[in-house]
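Undergrad: Pasted the sequence and its predicted model underneath.
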Amino acid sequence: MWRVLLFVFVIGCSYQNNNDFIGAEYLGVKYVRDPLGEGAAPDADPLIRFDAFDCTTFVETVLADGDRKRLNQIRYKNGKVDFINRNHFIETDWLNNNANIVKNVSAEYAPVVTRRVTIDKKNWFKKNHNIDTDFAPQTVSLEYIPYKYAKNISVKKPMVVLFVNAPGRAATKIGTDLAVRHMGFLLPDGRLRHASWHKKTVVDVDFHKYVNQMMENQNKLGIMLLDIKK
């Protein structure tokens with residue numbers, strides 16, 4: 001009897017710690033753009049759901065272990081649930097406010113370069129949501145690995161991977177520059193696990209093939225690797 005219990009315990013633990021486990025329960029879940037909100041105007045979508053993700057909410061929900069309180073801490077500055085207070089921008093909000101969870105370790109894996117980006121939150125809120133705020137434009141420098149080096153990357157544990165783009169037409173359309181346009185998890189066996197707009201679902205794809213596809217577009221620059229601290 002004790003041997004059986006010990007066997008089950010060991011198998012359970014090894015599964016929980018398996019590199020394949022992170023986010024695996026959501027494989028096949030449909031892609032929906034901006035599926036989460038505050039449950040009230042101006043974004044009446046629910047605070048948490050498990051039947052639909054976009055790339056960011058997939059990563060956030062996995063990092064939160066599906067717990068709403070933890071998810072709120074990741075999605076909002078100091079966990080204060082409010083549309084204005086949400087970490088809308090990966091570059092200036094999300095990375096800074098989640099420094100206790102993730103850390104940019106790109107330079108430990110390959111040569112890096114810097115992409116400077118200026119986020120104009122005031123203009124973005126007004127242009128897209130007709131909301132007046134007093135945010136000042138904020139400029140940050142992001143260290144990333146160019147795709148020519150990223151295609152040779154391998155990791156020993158799951159990491160968050162951010163995909164960095166060059167400045168583009170989005171600045172005119174939405175009122176601010178953007179650098180990070182996609183995110184997911186890089187697994188040690190070379191898979192990228194992400195909520196894919198093209199596939200319309202959460203999928204695993206070959207990371208190195210994905211990188212080669214990105215290299216064909218001159219507006220796509222490279223990746224950032226974030227160590228998961230927990």
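TA: Received, thanks.
Undergrad: so where's this structure shaky on pLDDT?
TA: Filtered on pLDDT under 70, the chain yields the residue ranges 1-19, 230.
Undergrad: Relative to the whole chain's centre, how far out is stretch 101-121?
TA: 13 Å (Cα atoms, centre = their mean, to the nearest Å).
Undergrad: can you pull out the helices in the protein?
TA: 2-17, 55-63, 68-75, 95-97, 121-129, 147-150, 170-174, 207-214 (DSSP state H).
Undergrad: shouldn't Met64 be in contact with Arg70?
TA: If you look again at residue 64, you'll see it is Ala, not Met. Yes. Look at Ala64 against Arg70 with Cβ atoms under 8 Å: they come within range, at 3.8 Å. C-betas here are computed from N, CA, C, even on glycine.
Undergrad: before we move on, back to that, tell me which of the helices of the chain approaches Leu36 most closely.
TA: Proximity to Leu36 (Cβ to Cβ) singles out helix 55-63 among the helices of the chain, at 5.1 Å.
Undergrad: Residues touching the closest one, excluding its own?
TA: Helix 55-63 is contacted from outside by 22-23, 26, 29, 35-36, 48, 50, 53, 70-71, 74-75, 90, 94, 101-102, 160, 182-185, 194-197, 202, 228, 230, using Cβ atoms under 8 Å, 6 or more residues apart in numbering.
Undergrad: show me the contacts for Lys122.
TA: 133-137.
Undergrad: can those residues go into TSV with extra columns for distance to Gly190 and neighbour count?
TA: Shown next, in TSV, are the contacts of Lys122 (distance: Cβ to Cβ, whole Å; neighbours: other Cβ atoms under 10 Å):
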residue	distance to Gly190	neighbour count
Thr133	42	13
Asp134	46	6
Phe135	40	14
Ala136	42	8
Pro137	39	13
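Undergrad: between those, which is closest to Arg115?
TA: Among the contacts of Lys122, and counting by Cβ to Cβ, the member closest to Arg115 is Pro137, at 16.2 Å.
Undergrad: Leaving out sequence neighbours, find the closest residue to the closest one.
TA: Excluding the flanking residues, the one nearest Pro137 by Cβ to Cβ, 6 or more residues apart in numbering is Asp120, at 4.6 Å.
Undergrad: Torsion angles phi and psi at the one you found?
TA: phi -100, psi 80 (degrees, to the nearest 10).
Undergrad: ok, now how distant is it from His88?
TA: Going from Asp120 to His88 by Cβ to Cβ, to the nearest Å gives 12 Å.
Undergrad: What of Gly79?
TA: Gly79 sits 16 Å away from His88, going by Cβ to Cβ.
Undergrad: Show me which of those two is the more surrounded one.
TA: Neighbour count, other Cβ atoms under 10 Å: between Gly79 and His88, His88 has more, with 18 against 14.
Undergrad: Need the residues that contact stretch 196-207.
TA: 23, 26-31, 33, 53-55, 58, 153, 161, 186-187, 190-195.
Undergrad: same thing with stretch 142-154?
TA: With Cβ under 8 Å, 6+ apart, stretch 142-154 has contacts from 91, 104, 106-107, 109-117, 162, 164, 179-180, 186, 188, 190, 207-208, 211-212, 214-215, 220-225.
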